[in-house]
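Q: here's my sequence, what's the structure:
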Amino acid sequence: MKKKVIAVFLAAVSCLAVPVTAMAEETEQAITVNLTADPTYTVTIPASVTMDREGTSVDVTAENVENLPEGQKISVTIAGTSYFRDNLVLETSEEVAPTHSKYLRYQIISDENELIETDGTLDLTAVGKEVVSFTEDGTKQYQIKPVITDYVETGVDYTGSITFGIAVADAE
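A: As a prediction, the model looks like this:
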């Protein structure tokens, strides 16, 4: 029995003495870094607009447009309005005849000639509609026009507001 223990012990020691070869392969990895600057720009939209029965043109200007990636544009969209459900509606605080309305609908015609309007439902919304876009410095126009009906009171001021969203987006 003693011989078996010694034999096992010697076998174990001889295994430890044999170096273990690990099969490792060197791999080279290329690393590329392209640091790009974020787009910068200044978009100017008039703080107020006055229109008559025929409507008016509104200038929107983009300046200092830099680092705009290829295939991208600066998109100016309607983010909301001051009226219920973001409808394109103006309201008067003045007294109107009982047969006339305190509300005046309006439409926007984008620089791409798209008619943007609402109808008082959730189905037809102006939110998210683009009014102008830029890929470089410049000035573009959109049109704003009142929807004149027999129920519109003349001689009173209808007012409201639009909130615009400005973001870099994919060019179509």
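
Q: give the contact list for V49.
A: 56, 58, 144 (CB atoms under 8 Å, 6 or more residues apart in numbering). Glycine gets a C-beta too; all of them are placed from N, C-alpha and C.

Q: 6 Å instead?
A: V58 (CB atoms under 6 Å, 6 or more residues apart in numbering).

Q: secondary structure element for it?
A: Under the criterion of DSSP states H and E, V49 resides outside all helices and strands.

Q: quick check on it: phi, psi?
A: In terms of degrees, to the nearest 10, the main-chain angles of V49 are phi -140, psi 140.

Q: any idea how far it lies from D170?
A: Distance, V49 to D170, by CB to CB, to the nearest Å: 29 Å.

Q: swap in G138?
A: On the measure of CB to CB, G138 and D170 end up 19 Å apart.

Q: right, and A79 touches I166 too?
A: No - under the criterion of CB atoms under 6 Å, A79 is not in contact with I166, lying 8.9 Å apart.

Q: between these two, who's got more neighbours?
A: Higher neighbour count among A79 and I166: I166, with 18 against 15, using other CB atoms under 10 Å.

Q: residues contacting that one?
A: If a contact means CB under 6 Å, 6+ apart, then I166 has 43, 76 as its contacts.

Q: ok, for V127, nearest residue in space, not its chain neighbours?
A: D86 (5.1 Å; CB to CB, 6 or more residues apart in numbering).

Q: and for the one you found, the neighbour number?
A: Residues near D86, counting by other CB under 10 Å: 19.

Q: wait, it sits on L124?
A: No - using CB under 6 Å, D86 makes no contact with L124, being 10.8 Å away.

Q: which strand or helix spans Q141?
A: Here Q141 is assigned to strand 138-146, by DSSP H and E.

Q: can you list the strands that that strand pairs with?
A: strand 56-66 (antiparallel), strand 103-109 (antiparallel) (DSSP bridges).

Q: for the chain, which segments count as helices?
A: Counting by DSSP state H, the chain has helices at residues 2-17.

Q: okay, and for it, where does confidence drop off?
A: 1-24, 122 (pLDDT under 70).

Q: 80 instead?
A: 1-24, 34-36, 120-123, 172 (pLDDT under 80).

Q: got the contact list for T139?
A: Here T139 is in contact with 59, 61 (CB under 6 Å, 6+ apart).

Q: please shift the residue numbers so they start at 14 in all later answers.
A: Sure thing, new numbering starts at 14, so read that last one as T152.
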